[in-house]
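**Q** need a structure here:
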Amino acid sequence: MILYLQLELWNRVERLVSRTPHALLFHGPSGVGKLSMAERYAKYLLCEASGGRRPCDQCDSCRWVEAGTHPDLRVVQAEAEGLQDRSEAEAVSEPATVRAGGRQIRIGQIVELADFVNLASHRGGRRVVLIHPAEAMNAHAANALLKSLEEPPPGAIFLLVSHRPAQLPVTVTSRCVRIRFALPERRLALAWLSEQGVADPERWLAYAGGAPRLALELARGEAAQYAADLVDDLVQGRLERAHAVRERGGLELLVDLLQRQALDCALTAFGLPPRYGLARAVQAEEGKAWLRAARALGPRRMLARHPLNPALFVEETLALLPQR
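**A** A predicted model of the protein is given here:
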């Protein structure tokens, strides 16, 4: 995806190697390939083949990065809750990842990096830290990272990936070279999705808001067919399937779809083109009501992860929609 959809950005990032910035911030909408770019750049920085404009993908270093076992690469991330139930033995088997204890990146994870960035490289080259998503750092973690950004150890490079850079402290972002990702051209995104074997790429790209990586994940997900059926129902104004949702994953999907639909309906009512392909037939005077619904659905995205009563949660959520 990087070389196809983000070639210009890759060339810009690649040229930074000669200046060796100690910190880069990859930021932009979710699902546009920021993390893939950062991972490939990390591979490039650690590649042991000389003179290439891209990682060789053949040397030991490239293979270790691909396998997630490179001794000079550390990845700090906030993981989804479902991944935290694995055994401690499984966690130990992933030495290249400083594991997250929840949806935040905590100070302990950043403090654990001190020895890594201050000691000599195992391979005699750079040491790379990749933090994703950077906005998941709590205040203490961000302050701990700031110390390394202000006085970067020689040979240490920090790669931060963020969907919402405004949530990062200015003291952190001001010490990074910023690389902004925009949505790729629609024709390129559709062509790329077609090459990946995605059926009906127009539909999935619309639902993903133009983000091709997100569209691919949605189209290949275990609940892809269910999501497609639910989308069809919502567009037609049928809510029977929505009323029957009970599982946590289904609740999150439902709230996500409803909020996107509310935004699309508001845009349509105001005479603007929909963004997600989820608009249903609405009247011009309903625009404000759909916009209020979209705002009200925002907080429910978090509640969907831990509903006390799934059935009641669904009914309360659907009640937020404008009623004719």
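**Q** OK, contacts around the closest residue to Arg123 other than its chain neighbours?
**A** Using Cβ to Cβ, 6 or more residues apart in numbering and skipping the chain neighbours, the partner closest in space to Arg123 is Asp72 (5.7 Å). The C-beta positions use only the backbone N, C-alpha and C, and glycine is treated the same way. By Cβ atoms under 8 Å, 6 or more residues apart in numbering, Asp72 lies in contact with 46, 121-123, 125-128.
**Q** can we see that at 10 Å?
**A** 42, 45-46, 61, 64-65, 96, 116, 120-129, 155-156 (Cβ atoms under 10 Å, 6 or more residues apart in numbering).
**Q** looking at those, which are in strands?
**A** Here DSSP state E is the test, and those give 127-129, 156 as lying in strands.
**Q** columns neighbour count and pLDDT on top of these, output as JSON lines?
**A** Formatted as JSON lines, these follow (neighbours: other Cβ atoms under 10 Å; pLDDT from 0 to 100):
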{"residue": "Arg127", "neighbour count": "26", "pLDDT": "92"}
{"residue": "Val128", "neighbour count": "26", "pLDDT": "94"}
{"residue": "Val129", "neighbour count": "23", "pLDDT": "95"}
{"residue": "Ala156", "neighbour count": "21", "pLDDT": "92"}
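**Q** any chance of JSON lines for those residues, columns distance to Arg260?
**A** Listed next are those as JSON lines, based on distance: Cβ to Cβ, whole Å:
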{"residue": "Arg127", "distance to Arg260": "41"}
{"residue": "Val128", "distance to Arg260": "36"}
{"residue": "Val129", "distance to Arg260": "34"}
{"residue": "Ala156", "distance to Arg260": "40"}
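**Q** from those, pick the one nearest Leu251.
**A** Distance ranking of those against Leu251, using Cβ to Cβ, places Val129 first at 34.9 Å.
**Q** for stretch 133-151, buried residues please.
**A** Buried residues in stretch 133-151, defined by neighbour count with 16 or more other Cβ atoms under 10 Å: 133-137, 141-142, 144-145, 148-149.
**Q** next one: stretch 237-255
**A** Buried residues in stretch 237-255, counted by 16+ other Cβ under 10 Å: 242, 245, 250-255.
**Q** next one: stretch 27-40
**A** Buried residues in stretch 27-40 (16+ other Cβ under 10 Å): 27-29, 31-40.
**Q** closest to Pro307 among the residues you listed?
**A** Closest to Pro307, out of all of these and judged by Cβ to Cβ, is Gly31, at 25.6 Å.
**Q** Thr317 against Ala304, yeah?
**A** Yes: Thr317 is within contact range of Ala304, at 8.1 Å (criterion: Cβ atoms under 10 Å).
**Q** give the intersection of the neighbour lists for those two.
**A** 245, 251, 254-255, 297.
**Q** what's near enough to touch Leu183?
**A** Leu183 makes contact with 5, 28-29, 31-32, 189, 205, 208-212, according to Cβ under 10 Å, 6+ apart.
**Q** which of these lies closest to Pro322?
**A** Of those, the one sitting nearest to Pro322 (Cβ to Cβ) turns out to be Gly209, at 22.1 Å.
**Q** tally of neighbours for that closest one?
**A** Neighbours of Gly209 under the rule other Cβ atoms under 10 Å: 18.
**Q** for Ala120, same thing?
**A** Neighbours of Ala120 using other Cβ under 10 Å come to 10.
**Q** so how far is Val128 from the residue nearest to Arg123?
**A** Counting by Cβ to Cβ, to the nearest Å, the gap from Asp72 to Val128 is 6 Å.
**Q** ok, the ones in strands among the contacts of Asp72 vs Val198, which is closest?
**A** Closest approach to Val198 among the ones in strands among the contacts of Asp72 (Cβ to Cβ): Val128, at 31.8 Å.
**Q** helices and strands of the chain: which one bottoms out on pLDDT?
**A** When the helices and strands of the chain are scored by mean pLDDT, DSSP states H and E, helix 88-92 comes last with a mean of 31.
**Q** if anything else comes up later, I'll come back, but that's it for now.
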